[in-house]
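1. just a sequence and a predicted model for now, questions to come.
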Amino acid sequence: MRHLTAIICLTFAVLLGSAGEGWSADLQKGWDAYENRDYATALLEWKPLAEQGDADAQNVLGAMYRLGTGVPQDDKTAVKWYTLAAEQGNAPAQFNLGVMYANGQAVLQDYVYARMWGQIAAVNGYKNGGKLRDEVSKKMTAAQIEKAKKLTSECVAKKYKGC
């Protein structure tokens, strides 16, 4: 699972590296602060946005808590933010949530849900989602893969809410 942890760290870097493309001014202020390693200011910019429902800010906060960047490392809080963003269709957050399930971080390890979130992220254009799906599929039985496919369809039909 070290490979999956490396992917989540890379995802955070890629997400932040593409900042500015369609981000609001406040998200950009947070990014500028983050780039300057002023994590307290980044948190001050991003947290209110996340609390107001901004999925990008929620995903970034999830990554900050997952990695302990400028905040105490807290996987449970990371899962909270990833889930809020994933339910809004944020593909990087869907991937990140899948990694948390694959690794059993703040959730029970569950390859079915890891595969489901990886597939959903992939369908939503996040190619690391496909990598996650394929990685966990190697550890699953045919019955588990079928269950994951069924849950994926159900989750998409529910527009990612309550998955």
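-> All right, it came through fine. Quick caveat, the model's predicted, so the values are computed rather than measured.
2. so where is the protein shaky, pLDDT-wise?
-> Within the chain, the segments meeting pLDDT under 70 span 1-23.
3. please, where are all the helices along it?
-> For the chain, the helices identified by DSSP state H occupy 2-17, 25-35, 39-51, 55-67, 75-86, 91-103, 111-123, 127-137, 142-157, in order along the chain.
4. any idea which of these is most buried?
-> Using mean count of other CB atoms under 10 Å, the stretch among these with the greatest mean number of neighbours is helix 91-103 (a mean of 28). Glycine gets a C-beta too; all of them are placed from N, C-alpha and C.
5. Throw the helices of the chain into a markdown table and include distance to Cys163, thanks.
-> Formatted as a markdown table, the entries for the helices of the chain read as follows, by distance: least, CB to CB, whole Å:
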| stretch | distance to Cys163 |
| --- | --- |
| helix 2-17 | 19 |
| helix 25-35 | 25 |
| helix 39-51 | 20 |
| helix 55-67 | 15 |
| helix 75-86 | 8 |
| helix 91-103 | 9 |
| helix 111-123 | 7 |
| helix 127-137 | 14 |
| helix 142-157 | 4 |
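6. for Thr41, give me its contacts.
-> Contacts were defined as CB atoms under 8 Å, 6 or more residues apart in numbering; by that measure Thr41 touches 29-30, 33.
7. can you rerun that using 10 Å?
-> Contacts were defined as CB atoms under 10 Å, 6 or more residues apart in numbering; by that measure Thr41 touches 29-30, 32-34, 70.
8. repeat for Lys80
-> Applying CB under 10 Å, 6+ apart to Lys80 gives the contacts 50, 58, 61-62, 65, 74, 106.
9. tell me how far the closest residue to Val60 other than its chain neighbours lies from Asp56.
-> Across the structure, with CB to CB, 6 or more residues apart in numbering as the measure, the residue nearest Val60 apart from its sequence neighbours is Trp46 (5.6 Å). Here the distance between Trp46 and Asp56 works out to 9 Å (CB to CB, to the nearest Å).
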